[in-house]
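S.K.: Have a look at this fold, sequence not included:
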């Protein structure tokens, strides 16, 4: 009888070569870019091309950085992330599905402020290589859009001209390098 069982490979995010960025409209006329400096995650894959891989990660909300300490403190407050009560946002039950040559979709459960929603992100698989020290690495680019109000981040204010201060749509731009765990 032939053994057809596959061996799962466990991968960890290499934080020195990864970044989690977001963009949101400010006053409807400009864009603010921010990032989270602390995050962690793991990927378990039974296939070399990562099709069907299981993915989970956490982001430390207090590590937000928009290049403005006052804005960062406001984002950590109860008006937005409520970082003291909800220190992490999580992504669980993620499944990576191959769509075409290097194109994938990641679908899973994103939780922010105790609100969980199913989300899907576009993923580009950049390949797997061995680094000069013999470590196996894999690279991915993820992108997508969320409505912040879907997760309870509803604070806003109206400007004198009738516009809003903070846009509802948040664009995600995530670059991840994995290393075998």
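M.R.: Looks like it came in fine. No experiment lies behind these values; they were computed from the predicted model shown.
S.K.: For residue 75, which three-state class applies?
M.R.: Classification of residue 75 using DSSP: H, G, I helix; E, B strand; the rest coil returns helix.
S.K.: and what of residue 23?
M.R.: Assignment for residue 23 (three-state DSSP): strand.
S.K.: for the closest residue in space to it that isn't next to it in sequence, which residues make a bridge with it?
M.R.: Closest residue in space to residue 23, ignoring its immediate chain neighbours: residue 171 at 4.4 Å, by CB to CB, 6 or more residues apart in numbering. (C-beta placed from N, C-alpha, C; glycine too.) Going by DSSP bridges, residue 171 is paired in beta bridges with residue 23, residue 145.
S.K.: my guess is residue 57 contacts residue 41, does it?
M.R.: Yes - when contacts are counted by CB atoms under 8 Å, residue 57 is listed as touching residue 41 (2.8 Å).
S.K.: Between the two, which contacts overlap?
M.R.: Taking CB atoms under 8 Å, 6 or more residues apart in numbering as the contact rule, the neighbours common to residue 57 and residue 41 are 13, 91.
S.K.: Give me the pLDDT value at residue 3.
M.R.: Per-residue pLDDT puts residue 3 at 50.
S.K.: Over to residue 154?
M.R.: pLDDT, read off for residue 154, is 68.
S.K.: Tell me where the model's unsure across this protein.
M.R.: 1-6, 26-30, 154-167 (pLDDT under 70).
S.K.: Could you find the closest non-adjacent residue to residue 60?
M.R.: residue 38 (3.8 Å).
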